[in-house]
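3D model of this:
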Amino acid sequence: MKAQDHHLQVPGMRMTKQRKEVYRTLMENQDHPSASEIHNLMKDTESPMSLATVYNCLEALVEHGAVKQVNIDREPTRYCQNSTPHAHFHDQSTGTIHDITFKPGASLTDLIELPKGTEVTNLEISIKGTIPS
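Take a look at the predicted model:
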């Protein structure tokens, strides 16, 4: 294993060469790329692979919580390497997706009212708008 590959490990997941390369590409391109964009970024590298392999690697990374899927309307699914709780802001004028963190100390119940005893297992919040230029 290369010295810099230690950060490419995912607990409980066997990291094949293909998974490491897809994960590395995602970590180096933190602008929420789609599977096709990741595939295109990898085309001219020493580790090109089929689009189907990229999708399979991303699916495994999502299942193990290493990356998150970001779905905006009917656009292709994008992938986010930030596994900490956060929301996404979709700038409709540029198409850019930004990570939005929660204010320190804020909880989900500060944002929405849930029935008593509800256990949240996944959180996906997407906000749309435009950022002033």
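
where exactly do the helices run in the chain?
For the chain, applying DSSP state H gives helices covering 17-28, 35-42, 51-63, 108-111.

show me what the third one is in contact with.
Counting by CB atoms under 8 Å, 6 or more residues apart in numbering, helix 51-63 makes contact with 10, 13, 16, 18-19, 21-23, 26, 35-36, 38-39, 42, 67-69, 79, all of which sit outside it. In short, each C-beta sits where N, CA and C put it, glycine included.

now it: average pLDDT?
The average pLDDT within helix 51-63 is 95.

so that it lines up with my notes, have the first residue be 50 from now on.
Right, with 50 as the first residue, what we last looked at is helix 100-112.

would you mind listing the buried residues in it?
Residues Thr102, Val103, Tyr104, Asn105, Cys106, Leu107, Ala109, Leu110 are the ones in helix 100-112 that count as buried (16 or more other CB atoms under 10 Å).

measure the first one to Thr94 for me?
Same thing as Thr102. Remark: distance between Thr102 and Thr94 (CB to CB, to the nearest Å) = 13 Å.
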